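*Asks:* Sequence plus predicted model, see below.
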Amino acid sequence: MIKFPSEDYRNLEICDMASKPIPLVLNRQVIKILEDMGVSDDWFFKLQNIELTRLRGITANISNTARFLKAQAIGAPFRLHRLFRQCDLWKIDYRNEPFLRSVVEAAVLMELRLLKHKARIPVKEGMTLFGIMDETGFLQENEVYVTFETMKDQHQPPPRRGRLLVTRSPALYDGDIQFAYNVVPPKGHPLTEHRNCIVFSKKGRRDLPSQLSGGDLDGDIYNVIWDSEARPSRAFAPADYPRVQPINIGRPVTADDMINFFVDFMRTDHLGVIAIRHMILADQKETGTRDSDCKKLAELHSTAVDFSKTGIPVKMEELPKASNFRPDL
């Protein structure tokens, strides 16, 4: 993509690549919207208990420990997980070695903290993938194609034909999670050559990525859930904010303009405040994320995210009031 015309560089810069699928974990924002959509609390508790059981079993044997360290990319540059496997071959119990034991304990404790304070609950029948567009025109409106490599049975296989949930973080508006229908192309179709991505249709009144927290296809990643036990009883209309025109200073940009913009950005960066205010109100309001105050905060959050592109800051006096009591999570 070309962000702005320039004659300075002729290099192709690669920011990231879909070399492997990214395991999906929930967060507090997504959980709250799913609750408001009617997903049973039992599903969240079941997934949380599965993760707790997994974490308890990490130190049960060397194989579990090494697999955990490799999956979390802890010590990946020097392949720390292989050291633990080597200890097993040498008949050395790493749990009797203070340093090695402390490494594993710190890693497990970090995962427990994320689970407790951030609700980072893994979803086996879910995945986080880069989004791309179907150039072939095979997919119809609201259809997607989810494909990824299982990597030696490390992940569940891709979903079959059927309905699934698609979202994108950060998700604050109640319509930031939408239903889509997964379609599997026939053998030999060009779409089957893709890996580790979700393919969106180019047909329809409005593209699906833009309905998911204002997403697009310039490198955004999307969360996909096809767990049959996650059964929302309703869906909400996506946000449709008016397009904001960037500020035009009417002259070439100078170094002083860039310095002033950076200072303004640091001074008006209130994303964290808005997100926490939204979390508090969504928990306290009877209608959750459907409440008008929560929708207002979601719009302000979108404005704050786009500040670096538009130069239009959020007016903090517009934030709905909330108490100091925070939810348990």
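*Replies:* Thanks, I have the structure now. Fair warning: this is a prediction, and the values are worked out from it, not measured in the lab. Numbering: from 1, shown residues only.
*Asks:* hey, where'd the helices end up in the stretch 101-250 of the chain?
*Replies:* When assigned using DSSP state H, counting those that start in this stretch, the helices of the stretch 101-250 of the chain occupy the ranges 208-211.
*Asks:* Can you show me the strands along it?
*Replies:* Taking DSSP state E, counting those that start in this stretch as the criterion, the stretch 101-250 of the chain contains strands spanning 122-133, 143-147, 162-167, 178-182, 197-200, 221-225.
*Asks:* of all these, which gets the most neighbours per residue?
*Replies:* strand 197-200 (a mean of 24; mean count of other Cβ atoms under 10 Å). Any C-beta I mention is one placed from the backbone N, CA and C, and that applies to glycine too.
*Asks:* Can you get me the centre-to-centre distance for that strand and its chain?
*Replies:* Centroid displacement of strand 197-200 relative to its chain, using Cα atoms, centre = their mean, to the nearest Å, is 15 Å.
*Asks:* quick one: low-confidence parts of the stretch 51-200 of the chain?
*Replies:* Using pLDDT under 70 as the threshold, the predicted model of the stretch 51-200 of the chain has low-confidence ranges 152-153.
*Asks:* go again using 90 as the cut-off
*Replies:* Filtered on pLDDT under 90, the stretch 51-200 of the chain yields the residue ranges 61-63, 70-76, 78, 87-89, 91-95, 150-157.
*Asks:* Kindly reformat the strands of the stretch 101-250 of the chain as CSV containing distance to residue 49.
*Replies:* Converted to CSV, the strands of the stretch 101-250 of the chain look like this (distance: least, Cβ to Cβ, whole Å):
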stretch, distance to residue 49
strand 122-133, 12
strand 143-147, 26
strand 162-167, 21
strand 178-182, 27
strand 197-200, 28
strand 221-225, 18
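*Asks:* Between those, which one is closest to residue 156.
*Replies:* strand 122-133 (5.4 Å; Cβ to Cβ).
*Asks:* Pull up the pairing partners for the closest one, direction included.
*Replies:* Taking DSSP bridges as the criterion, strand 122-133 pairs within the sheet with strand 22-25 (antiparallel), strand 197-200 (parallel), strand 221-225 (antiparallel).
*Asks:* Including distance to residue 34, could those go into CSV?
*Replies:* Listed next are those as CSV, based on distance: least, Cβ to Cβ, whole Å:
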stretch, distance to residue 34
strand 22-25, 13
strand 197-200, 19
strand 221-225, 9
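*Asks:* closest to residue 42 out of those strands?
*Replies:* Of all the strands paired with strand 122-133, strand 221-225 sits nearest to residue 42, with 15.6 Å by Cβ to Cβ.
*Asks:* ok, back up a step: could you say which one of the strands of the stretch 101-250 of the chain comes nearest to residue 231?
*Replies:* Between residue 231 and the strands of the stretch 101-250 of the chain, the tightest spacing by Cβ to Cβ is seen for strand 162-167, at 9.9 Å.
*Asks:* can you list the residues that contact that closest one?
*Replies:* Residues from elsewhere that reach strand 162-167, judged by Cβ atoms under 8 Å, 6 or more residues apart in numbering: 30, 33, 144, 146, 176-182, 198, 208, 212-213, 222-226, 230, 232.
*Asks:* switch the cut-off to 6 Å
*Replies:* Strand 162-167 is contacted from outside by 176-182, 212, 222-226, using Cβ atoms under 6 Å, 6 or more residues apart in numbering.
*Asks:* Would you agree residue 180 is in contact with residue 144?
*Replies:* Yes - Residue 180 is in contact with residue 144 according to Cβ atoms under 6 Å; the separation is 4.7 Å.
*Asks:* Compute the distance between the residue nearest to residue 160 when sequence neighbours are not counted and residue 200, please.
*Replies:* Nearest residue to residue 160 in three dimensions, chain neighbours excluded: residue 184, at 6.7 Å (Cβ to Cβ, 6 or more residues apart in numbering). When distance is defined by Cβ to Cβ, to the nearest Å, residue 184 is 15 Å away from residue 200.
*Asks:* what's the spacing between the spatially most central residue of the chain and residue 220?
*Replies:* Taking Cα atoms, centre = their mean as the criterion, residue 169 is the residue nearest the geometric centre of the chain, at 4.4 Å. Distance of residue 169 to residue 220, computed by Cβ to Cβ: 10 Å.
*Asks:* How is the chain divided into domains?
*Replies:* Domain assignment for the chain, taken from automatic domain parsing, gives 22-39+122-225, 55-117, 255-318.
*Asks:* Please identify the deepest-packed of the ones you listed.
*Replies:* With neighbours taken as mean count of other Cβ under 10 Å, the domains of the chain reach their highest mean count in domain 22-39+122-225, at a mean of 18.
*Asks:* So for it, first residue to last residue, what's the gap.
*Replies:* Counting by Cα to Cα, to the nearest Å, the length from the leading to the trailing residue of domain 22-39+122-225 is 13 Å.
*Asks:* again, but for stretch 50-67
*Replies:* With Cα to Cα as the measure, stretch 50-67 spans 17 Å from end to end.
*Asks:* and for that stretch, what are the contacting residues?
*Replies:* 68, 81, 84, 85, 88, 104, 108, 111, 122.
*Asks:* in a helix, that's where the third one is, yeah?
*Replies:* Yes - looking at residue 84 with DSSP: H, G, I helix; E, B strand; the rest coil, it is inside a helix.
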